[in-house]
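Q: got a predicted model here, sequence first, then my questions.
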Amino acid sequence: MTIRIKTSTLTADAFAPYGDVMQASGAPDKMINQGKCGRFHDQAQLDFTDGQAGISIFKGEKETLPLRLEMVERHPMGSQAFVPMSADPFLVVVARDDNGTPQDPVAFITAPGQAINFHRGTWHGVLTPLFEPGLFAVVDRIGDGANLQEHWFETPYIIEE
Ligand SMILES: NC(=O)N[C@@H](O)C(=O)O
Ligand code: NI
């Protein structure tokens with residue numbers, strides 16, 4: 001039986017069990033650059049084992065909803081941040097872990113200007129742009145070792161607005 005998942009608006013509270021939401025909301029933590037720039041300071045928990053933090057550029061193909069969610073993955077050796085290089089919303093899927101198996105996936109749509117950081121080991125859908133050109137800066141662990149674990153669902157979920 002196919003389970004349908006409705007997307008919801010991304011909030012820091014709702015995402016807190018899975019990772020961090022980065023955004024310029026409210027008053028800046030500090031005004032810098034002669035008062036011309038607000039710094040929203042240190043918004044993500046970066047966490048890497050035996051490796052370095054790296055910044056890569058991802059250019060992902062646009063997806064459209066409704067979308068089949070066939071798999072989620074996780075990175076046991078480090079966090080992973082998706083920072084969009086546009087103001088376009090994108091899809092973020094996460095799931096809780098139950099003894100090594102992802103359960104109860106939830107789907108969020110980001111607001112323009114939001115970026116996310118999956119905490120180490122968080123089950124997540126892969127980068128999923130909803131608009132072209134799907135350009136993102138990705139901050140994650142660069143190093144040797146098994147830092148990718150995939151889980152393919154027996155029955156795909158359907159993600160819908
Ligand atoms: N595999 C890779 O570099 N990207 C994935 O980790 C992803 O979450 O998109
Ligand atoms: Ni990933």
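A: Alright, I've got the coordinates. Residues are numbered from 1 along each chain as shown. Ligands and ions are numbered 1, 2, ... in the order given.
Q: so who does residue 141 touch?
A: 48, 49, 51, 52, 53, 54, 75, 77, 78, 79, 80, 147 (C-beta atoms under 8 Å, 6 or more residues apart in numbering). Glycine gets a C-beta too; all of them are placed from N, C-alpha and C.
Q: which of the residues you listed tops the neighbour count?
A: Of all the contacts of residue 141, the highest neighbour tally under other C-beta atoms under 10 Å goes to residue 78, namely 25 neighbours.
Q: pretty sure it sits against residue 120.
A: Yes - Residue 78 is within contact range of residue 120, at 5.6 Å (criterion: C-beta atoms under 8 Å).
Q: who touches both of the two?
A: In contact with both residue 78 and residue 120: 47, 49, using C-beta under 8 Å, 6+ apart.
Q: the lengthiest strand in the chain close to ligand 1?
A: Scanning the chain for the longest strand, with DSSP state E as the assignment, gives strand 149-160. No - residues of strand 149-160 contacting ligand 1 under C-beta under 6 Å from any ligand atom: none, with a closest distance of 9.4 Å.
Q: residues in contact with that strand?
A: So strand 149-160 is contacted by 1-7, 65-76, 91, 93, 101-102, 105, 107, 123 (C-beta under 8 Å, 6+ apart).
Q: what do you get if the cut-off is 7 Å, keeping everything else the same?
A: In this structure, residues lying in contact with strand 149-160 by C-beta atoms under 7 Å, 6 or more residues apart in numbering are 2-7, 65-74, 76, 93, 101-102, 105, 107, 123.
Q: distance between the ends of stretch 70-86?
A: One end of stretch 70-86 sits 26 Å from the other (C-alpha to C-alpha, to the nearest Å).
Q: can you check stretch 130-141 too?
A: With C-alpha to C-alpha, one end of stretch 130-141 sits 25 Å from the other.
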